[in-house]
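J.: fold the following and give me the result.
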Amino acid sequence: RSRNDQVATDFRLWMLSAIPELGSALKNLQTALVENAESAGETIMPGYTHLQRAQPILLAHWWLSHVHPLQRDMERLNGLTKRVSVLPLGSGALAGVPFEIDRSALAKTLGFAEVSQNSLDAVSDRDFAAEYLFCATMIGVHLSKLAEQIVLFTSAEFGFFELTDAFSTGSSLMPQKKNPDVFELTRGKAGTLLGLLTGLLATLKGLPSTYDKDLQEDKAPVFQATDTLLVMLPVIAEALRTITVKPERMRDAIDSSMLATDLADYLVNKGVPFRKAHEAAGRVVRAAGEGNVRMEKMSLEAYQAIRPEFEADVYQAFDPLKSIEKRNAIGGTSLKSVKMQIAECKMRNSK
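T.: So this is what the prediction gives:
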């Protein structure tokens, strides 16, 4: 035996125990998000593209949009398990061992799925460590995206959410402040995780064959990334469980201009090609802006001056709940679709 294959074996054994621990923490956060989605009911909010108000959606749909990236993170980690579960022990320093040992039996005893097939590669392979850090970095990226939106939505400019005192801090100077430190730190840690991945890849990129002392740099970033995530994940989950939703602010942020697409869809249902319907809806938006009037307050005559297909029922297009309920395909924001999402997420998390 050599320290080369022994250390590689120990590192893999450690990672095989760390992956399920991370998976459990991810599942806990997913559960918190699903709980919030269930509690949201029919609460509606603005959906955004380019950070501009786009179309109305259910708040539950928004919560669930953060469950699915975490599911992909779990699947990546589970997929990595197969590549970690390869036994290098028996490779010696680099050339294998001169004794008749049953490496397959050794692998089974230690809980590995298979044995390495090339001793030179086995003692130097740290692909699994780099891949683990990539998985950790992607988790950090997804947490950062969630954190950024919570920071925005808890600001006075949005006012959609409010954090409890337990998960926010006051200012050292301004007594009125309620700072979202938990989520700001989460956002910052994504950069730290990315740095750990980049650092290891830079270490590995120029190594010659078999073992080199540079490989001692493999464990610190992996351990640090794991410690970081195992601290972050449960804190974020609890912060989300205690968040206060402000449905009135969300509803007030929705205006008729966000239903311009529904106006175009209305014309499509009247037989107008979408290209022309889109153009007509744009003209309505411009006319409302120039007249300083809300779209649902424009006269029927003004609508018919733009397209004769507009009829008295056009004003039904400005009901945000009806707009939401039309998005009823799998993955859409309708209440039926969201209930299906919740059921699917709960079933998956129970496994």
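
J.: tell me which stretches of the chain form helices.
T.: Taking DSSP state H as the criterion, the chain contains helices spanning 3-40, 59-64, 67-84, 103-110, 119-124, 127-153, 181-204, 219-241, 247-252, 260-269, 274-290, 300-306, 320-326, 335-349.

J.: packing partners of the fourth one?
T.: Put plainly, it is helix 103-110. strand 86-87, strand 114-115 (3 or more CB pairs under 8 Å, 6 or more residues apart in numbering; DSSP states H and E). Any C-beta I mention is one placed from the backbone N, CA and C, and that applies to glycine too.

J.: gap between the nearest residue to A302 once chain neighbours are set aside and N269?
T.: Nearest in space to A302, with sequence neighbours left out and distances taken as CB to CB, 6 or more residues apart in numbering, is A287 at 6.4 Å. Noted for A287: a distance of 21 Å to N269, by CB to CB, to the nearest Å.

J.: from what I can see Q55 touches M45, true?
T.: No. Using CB atoms under 8 Å as the test, Q55 is too far from M45 to be in contact (10.5 Å).

J.: neighbour-wise, which of those two wins?
T.: M45 (26 against 19; other CB atoms under 10 Å).

J.: what residues are up against the residue nearest to the more buried one when sequence neighbours are not counted?
T.: Sequence neighbours aside, M250 is the residue nearest to M45 in space, at 3.9 Å (criterion: CB to CB, 6+ apart). Neighbouring residues of M250 by CB atoms under 8 Å, 6 or more residues apart in numbering: 43-46, 59, 160.

J.: could you check how far M250 is from S91?
T.: Counting by CB to CB - M250 and S91 are separated by 59 Å.

J.: ditto for E35
T.: 48 Å.

J.: and these two? which has more neighbours close in?
T.: Comparing E35 with S91 by other CB under 10 Å, the one with more neighbours is S91, at 30 against 16.

J.: got the contact list for V245?
T.: Counting by CB under 8 Å, 6+ apart, V245 has contacts 39-40, 43, 59, 160-161.

J.: tell me the bridge partners for it.
T.: Note on V245: beta-bridge partners by DSSP bridges are F161.

J.: low-confidence stretches in the stretch 1-150 of the chain?
T.: 1 (pLDDT under 70).

J.: show me what contacts E311?
T.: E311 touches 270, 300, counting by CB under 8 Å, 6+ apart.

J.: mind listing what's buried in stretch 175-189?
T.: Buried residues in stretch 175-189, counted by 16 or more other CB atoms under 10 Å: 180, 182-183, 186-187, 189.

J.: nearest to L335, of these?
T.: F183 (28.2 Å; CB to CB).

J.: any idea how far the nearest residue to the closest one once chain neighbours are set aside is from L215?
T.: Excluding its sequence neighbours, the residue lying closest to F183 (CB to CB, 6+ apart) is A147, at 3.8 Å. Distance of A147 to L215, computed by CB to CB: 33 Å.

J.: quick check: A239 touching F167?
T.: Yes. Taking contacts as CB under 8 Å, A239 lies within contact range of F167: 4.0 Å.

J.: who touches both of these two?
T.: Common neighbours of A239 and F167 (CB under 8 Å, 6+ apart) are V182.

J.: which ones are touching Q316?
T.: K322.

J.: any idea how far it is from M45?
T.: For Q316, the distance to M45 - CB to CB - is 21 Å.

J.: please apply the same query to D255.
T.: Distance from D255 to M45, by CB to CB: 13 Å.

J.: just how off-centre is stretch 108-121 within its chain?
T.: Its chain's C-alpha centre lies 34 Å from the corresponding centre of stretch 108-121 when counted by CA atoms, centre = their mean, to the nearest Å.

J.: of all the residues in it, which ones are buried?
T.: Going by 16+ other CB under 10 Å, stretch 108-121 has these buried residues: 112, 115-116, 119.

J.: again, but for stretch 276-283
T.: Using 16+ other CB under 10 Å as the test for burial, stretch 276-283 gives 277-278, 280-281.

J.: can you give me the end-to-end distance of stretch 92-103?
T.: 12 Å (CA to CA, to the nearest Å).

J.: show residues contacting it.
T.: Against stretch 92-103 from outside (CB under 8 Å, 6+ apart): 1-2, 4-5, 87, 89-91, 115, 119-120, 123, 210-211.

J.: can you pick the most crowded of those?
T.: S91 (30 neighbours).

J.: can you pull the contacts of that residue?
T.: 2, 4-5, 8, 97, 116, 119, 122-123.

J.: what of L22?
T.: 77, 136, 139, 226, 229-230, 233.

J.: now swap in V86 and tell me
T.: Contacts here follow CB under 8 Å, 6+ apart; on that basis V86 touches 12, 112-116, 122.

J.: identify the farthest-apart pair in these.
T.: Most distant of these, by CB to CB, are A113 and A122, 14.6 Å apart.
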